[in-house]
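[1] show me how the following folds:
(chains A, B and C)
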Amino acid sequence: MGMEKVLIALCAALAIGLTAIATAWAQSRIGAAGAGALAEKPELSGTIVILVAIPETMVILGFVIASMILFGGK
Amino acid sequence: MQHIDIREFLERAPDHGFPLDYLLSRLRGRRSRLITDWGILAKSTSPMEQLTPGHYQTVFGISAPDAAWRALMAEYRWGYHQMNGPVRKTFAPFFLYGELRTLFICLRYLRGLMRDRLQEILSVSLLSVAIRDALLRSSDELSAAQGIEKEFLCLSCRFKGLAETLRHAGLNDFEQKLAEIFLSVIITTGLDPFLKAFFLRIIDARNILALAKLLKLGETLEHPFISGGKIDAVMLRDILGRRDIQTADKLVMGFTGEKTSSANLSGLEISMYRGISRWLKKKSRGSPGTGLVLDYLWKCSVEAMNLNILSYGAGLHRDVIAAELVR
Amino acid sequence: MIVRMSKIEIVGPKDLLQDVLNVLSSLGIFQIEPSSAGISEKGQEEDLRSFSLDEKTLFERLFLEDLREKIEKLFSFLPRIPVRKSYLDPQSILGTLAYTVEKHLSACKSLEERKRILRRELAELKRYSGFLFTLEALFKDAKAAPDLDVIGLTIKDPGAIEHIEVLLSRLTGGKFKLFTIPVENGALGGLITIEKTLSEKVSRALSSEQIPEMPFPESFDLLSLTGKISFIQQRSSAINAEIEGIERERQKICTRWWPIYTTVYAWINGRLALLNATASVFQTRMCFFIHGWMSTEDVAGLKRRMASSFGPLVVIEEKEMLQKDLDRVPVMLKNPSYFRPFELFVRLLPLPSYTSLDPTPFIAIFFPVFFGMILGDAGYGLILLVMSLILRKRFAAKKTLRDGAQILLISSVYTIFFGILYGEFFGDLPQRLLGIEPLCVERRTAIIPMLYFTLTVGVLHVLFGLFLGIVTAFKKRTKKKALFKFLSILLIFCMIIILASFFDVFPAVISQPVIIAILLLSPLLLFAGGLLAPLELLKSVGNIISYVRIMAIGLTSVLLAFMANHIAGLTGNIVIGIVVAGMLHLLNIILGVFSPTIHALRLHYVEFFSKFLEHGGKEFHPLRKGDDEGTGSI
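    Just a heads-up that it's a prediction; the model follows:
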């Protein structure tokens, strides 16, 4: 029983941890490119906020999965 | 082979550590501002006034005769400053190759006794403090050339005797020799593969042009072609010896992908440039980092060249100008 | 709302053109369309020519452009200090100013140059003094004799030190001392102290070894070490005094002349705008034609004004808006005062196209709600409310900041509202101290219910976006697109029903007919949306899940607040506890302003707007007297 709990917790941690790393990696690259684009064309600020924000969905999905694992949807 | 950091020959600038993505994104933004429609400018009677205000070339005003080149140097300098250490290391040979022109201009000014212009030229240059000092402290072109030779000797012993060339054969030969030795040395310094391919192409282009010139002049004397290019120097000497114009034309065709006669020298030069542009465009797709940066830097230099033609050729017939532009 | 525009043509006799333009620019409600294509009727185009300026006006334009450039240059030299306003009539002093501006420019330039030189000298002196001070300290210990000399060096390669030491000991027989200090560029600064008699020898040896000596200024040569130090101090303070003098001089020019130049600058801008507008006007032999755009509701007013000024000579005609004009119509946003501050968020993106919808009202309604849902703490809400009121009062004159404060104010009200529902006041204080249970739900523990709640919010918001998409598609008469959006809504509904029956919310029997419905609708979807339609639909589903962030970000905020109170409780001391909790809550409030804003905005920009908004509108720039933009833009 104890082992099972550990595994569940580990899976939840993996679900959110891996997606967080993926998001961070994507945002770092988009952020760098966005800063460059912004320096050349300041009028793009809104578009770049969107672009930087897009990968966040990954970690949110990871969060949903993790909470499903931990608290059980069903 | 010795692996010398070419950055030593260039100005020491603080490394801000900007990521490559940042640089690429900025270059993409700037690329969209480069002039693409040369047709309209070539037809216009006052082309320099038609540049859009956002264009970087307008920074120096349009009246100065060397504005286009100085703007190019300033743009290169800007680019170099935006790069992080490793990227700088990759591109330093390209920048130094570009700065050879600054050296030549300075030597000319020294010969023309216009020392006061040196500071102005060097203010936008990327050259290292040592080289600049060598130029600024000299009173004539010969001592400057000696200074340059001394600096370049760190790179290779092949630069030895450069200043002698200036004394015996004059400035033109000195310039040509410096560029040729530089090219043949630089490809042995452990370049990034993409840059190496680029320099090999430059060597080939210079060799083909030299060949075409000699063929046209009817001379068959031994010419020291730059070694190390993709097209073997022995083969070039062979063609020259046999005065084999057909094979020369074939070489041109193979290099530029265009049907240009090797006898039409100015047309040949332009199609060489076009050939390199096309090659870079194609290759840079496969290498989104280095390729894109090099493509941009090259495009800038082609643009500066064209603007130079436009501003110097103000009095010429429009069709003549249009034919001279690299598009 | 995107204001309804009218296409207008103004016709009148040529000699009235400048007067008409004057009236138009003083009203500031009319934008001139510079291209005639599509506006003038067919066959008429050949008779119309662009209005060319006569020689005198052309000369005036060149003169003004030149003067403007010079003034701009002058502005770049002057410091920005608050100054009074000038009430001189700009037109009467133009000639004088054209003369004085040259004088001021050259004065400013030479001041700037002198300052640069002084700064450089100062920096150099600092470098020496760094050396000398270290040296002085060393000398004090050693009680050195005055017959010592000092040689400064720049050592590029730290590895060369050893080499230098060997050289020196050979030359001086070991009677020397070498100190090194790192200077800029990774090089080392070295200082050699030797007997005076040896100094020349060493100097020569060093230069033949190509180690650059760091030369002291010439005025240094005859001074002893302490003399050098006091000389540096004297010279530095003299330089500082001179720099201050230069600053005072600049400020003097600034206080006296800046107001006059700004007034003239604004006037020139207005005048040039008018002259440039003339270039966009068309003419026949006798008449001028002005084409342009203005908001439909202002047309009657303009007609009245023109009639009163020029009588029947100038005619204003409203032309029919054609399909091809729609891309060129400038966009003006006009919203009720409650919504208006939220235009700030809309303007971060490119403007919506004229045929699209203005998203301001929607963002004004939903943004504060989302913000409140995420932060959801009555205590934090109260603090933000007070803060926004202060900000609004303090920055009443600055539009962007005032709008921001207004948005924060509305959002904080919702924060308080949701805080009451969640039973949060600085975290779980009510429960902890008073034992009050949350009204609705306790976010910290009810994770799954909150997840369902936010998903529901997502479904509603995205479906509403799709509905607006149908509306805009109809407005643009693209029925296929409307059908696609409609089918997307239906399919999302079906999927929700299947999911709900899977989780036993609905009886499982329902799912079968729904699956059949999905199968029937799918080919239609492919027909309406093309091959990428399933991907679009999947994206919508992803968008809905993205709303879970409302709960996720909220959860972190709650937990941080909870931990603040918990740690405060652990300290066991009321004062320390309050300080600790206060610090952590403060941190949470700062986070609580930024992260809900960014995430609520993102939900609008990415998830909501993509369902209906089309960008690409051009902003409405009416011809206007330049006084309000001129001074602001420098």
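
[2] low-confidence ranges in chain A?
    Scanning chain A for pLDDT under 70 picks out A:1, A:72-74.

[3] just the element for the most centrally placed residue in chain B, please.
    For chain B, the residue lying nearest the average C-alpha position, counting by Cα atoms, centre = their mean, turns out to be residue B:98 (4.8 Å). Assessed by DSSP states H and E, residue B:98 sits inside helix B:85-111.

[4] can you pull the residues of chain C lying near chain A?
    In this structure, chain C approaches chain A at residues C:347-350, C:447-448, C:451, C:502-504, C:542, C:545-546, C:548-549, C:552, C:598, C:601-602, C:605-606, judged by Cβ under 8 Å from any Cβ of the partner chain. Glycine gets a C-beta too; all of them are placed from N, C-alpha and C.

[5] and those residues, which of them are in strands?
    Assignment to strands by DSSP state E places none of those there.

[6] ok, and does the helix holding residue B:98 reach over to chain A?
    No - among the residues of helix B:85-111, none lie within reach of chain A under Cβ under 8 Å from any Cβ; the closest is 12.8 Å away.

[7] any bit of that helix sitting next to chain C?
    No - applying Cβ under 8 Å from any Cβ, one finds that helix B:85-111 is not in contact with chain C, the shortest distance being 13.0 Å.

[8] show me the shaky parts of the stretch 201-350 of chain C.
    Across the stretch 201-350 of chain C, residues meeting the criterion (pLDDT under 70) sit at C:207-226, C:279.

[9] now do the strands in it.
    Counting by DSSP state E, counting those that start in this stretch, residue ranges of the strands within the stretch 201-350 of chain C are C:282-283, C:287-295, C:315-319, C:330-331.

[10] quick one: classify the residue of chain B found nearest chain C as helix, strand or coil.
    Using Cβ to the nearest Cβ, the closest approach of chain B to chain C is made by residue B:12 at 5.5 Å. The three-state assignment at residue B:12 reads coil, by DSSP: H, G, I helix; E, B strand; the rest coil.

[11] run a quick neighbour tally on it.
    Residue B:12 is surrounded by 13 other residues when neighbours are defined as other Cβ atoms under 10 Å in any protein chain shown.

[12] how close does it get to residue C:559?
    49 Å (Cβ to Cβ, to the nearest Å).

[13] from memory residue B:311 sits against residue B:68, does it?
    Yes - the pair residue B:311 and residue B:68 qualifies as a contact (Cβ atoms under 8 Å) at a distance of 6.6 Å.

[14] helices or strands up against the longest helix that chain C contains?
    Among all segments of chain C classified by DSSP state H, the helix with the greatest residue count is helix C:225-279. Contacts of helix C:225-279 with other secondary structure elements, assessed using 3 or more Cβ pairs under 8 Å, 6 or more residues apart in numbering or on different chains; DSSP states H and E, are made with helix C:17-27, helix C:55-77, helix C:90-142, strand C:148-155, helix C:627-630.

[15] who has more neighbours, residue B:311 and residue B:68?
    When residue B:311 is set against residue B:68 and neighbours are counted by other Cβ under 10 Å, the residue ahead is residue B:68, at 23 against 17.

[16] surely residue C:598 touches residue A:56?
    No - the pair formed by residue C:598 and residue A:56 falls short of the contact definition of Cβ under 8 Å, at 9.5 Å.

[17] with neighbour numbers in mind, choose between those two.
    residue A:56 (19 against 15).

[18] I'd say the more buried one and residue C:552 touch.
    No - the pair residue A:56 and residue C:552 does not pass the contact test of Cβ under 8 Å, sitting 10.1 Å apart.

[19] got the contact list for whichever residue of the stretch 451-600 of chain C sits closest to chain B?
    Of all residues in the stretch 451-600 of chain C, the one sitting closest to chain B is residue C:598 (21.3 Å; Cβ to the nearest Cβ). If a contact means Cβ atoms under 8 Å, 6 or more residues apart in numbering or on different chains, then residue C:598 has A:49, A:53 as its contacts.

[20] tell me how far it lies from residue B:263.
    Relative to residue B:263, and taking Cβ to Cβ, residue C:598 is found at 66 Å.

[21] phi and psi next, for the most centrally placed residue in chain C.
    Nearest to the centroid of the C-alpha atoms of chain C, with distances taken as Cα atoms, centre = their mean, sits residue C:348, at 8.9 Å. The main-chain torsion angles of residue C:348 are listed as degrees, to the nearest 10 and equal phi -70, psi -30.

[22] roughly how far does it sit from residue C:203?
    Plainly put, residue C:348 is 64 Å away from residue C:203 if you go by Cβ to Cβ.

[23] excluding chain neighbours, what is closest to residue C:358?
    With sequence-adjacent residues excluded and distances taken as Cβ to Cβ, 6 or more residues apart in numbering or on different chains, residue C:358 is closest to residue C:2, at 4.7 Å.

[24] what's the neighbour count on that neighbour?
    Applying other Cβ under 10 Å, we find 20 residues neighbouring residue C:2.

[25] my guess is it contacts residue C:360, does it?
    No - with the criterion set as Cβ under 8 Å, residue C:2 and residue C:360 do not qualify as a contacting pair; they are 9.4 Å apart.

[26] any shared contact partners between the two?
    Taking Cβ under 8 Å, 6+ apart as the criterion, residue C:2 and residue C:360 both touch residue C:333.

[27] the closest residue to residue C:287 other than its chain neighbours: what's it in contact with?
    Sequence neighbours aside, residue C:11 is the residue nearest to residue C:287 in space, at 5.7 Å (criterion: Cβ to Cβ, 6+ apart). Neighbouring residues of residue C:11 by Cβ under 8 Å, 6+ apart: C:287-290, C:314-315, C:317.
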